[in-house]
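**Student:** let's see this in three dimensions:
(one chain, ligands or ions: 1)
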Amino acid sequence: MIVLNLSCSNSHSFEGWFASLEEFQRQAEVHQITCPHCNNAIITKLPSGSHVRRAAPEKTPDLAGSETSQAKILTALEDLLRDSENVASRFPEEARKIHYAEAPPRRIHGTASIDEVHALLDEDIAVVPLPNLLRKDIH
Ligand SMILES: [Zn+2]
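**Tutor:** This is a model prediction of the structure:
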């Protein structure tokens, strides 16, 4: 039994199991193999080893990928900040008030020391430290 990576003429890729490579070629010639996605019977064999390449650790794309997600996170944070009230150094106080329903629920951002953040977290108040990079956006 062999497993082949196949592709239809609509570029769907899928796996096919065959008794042998000859058996695949025979079935492909008489259009017995069809694409599971679109039933297309024009099937080509992808170069073997594409599996191995995909499984191998890829250092460079990983690094590039983390840069992309970092940029995405920053964009998401900037969006959050736009909808959020700047309470500056009153942040710990305001976060507590919102948590204990003493102030209207809303998004806020501001500054807090590490100790204050830990104290808030201890009280089950969800706070998220923002990277220094965003400081320029906090007016
Ligand atoms: Zn297809």
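
**Student:** nearest residue to residue 19 other than its sequence neighbours?
**Tutor:** Take residue 19 and drop its neighbours on the chain: the residue closest to it by CB to CB, 6 or more residues apart in numbering is residue 1, 6.5 Å away. C-beta: built from backbone N, CA, C; applies to glycine.

**Student:** meant to ask about residue 98, not that
**Tutor:** residue 105 (5.7 Å).

**Student:** for the ion, see how far away the one you found is.
**Tutor:** Counting by CB to the ion, to the nearest Å, the gap from residue 105 to the ion is 50 Å.

**Student:** returning to what we had before: which residues touch the residue nearest to residue 19?
**Tutor:** 17, 18, 19 (CB atoms under 8 Å, 6 or more residues apart in numbering).

**Student:** please report which of those residues has the highest neighbour count.
**Tutor:** Compared across the contacts of residue 1, residue 18 has the highest neighbour count, 18 neighbours, by other CB atoms under 10 Å.

**Student:** contacting residues around it?
**Tutor:** 1, 2, 4, 24, 27.

**Student:** of those, which one scores lowest on pLDDT?
**Tutor:** By pLDDT, residue 1 ranks lowest within the contacts of residue 18, coming in at 87.
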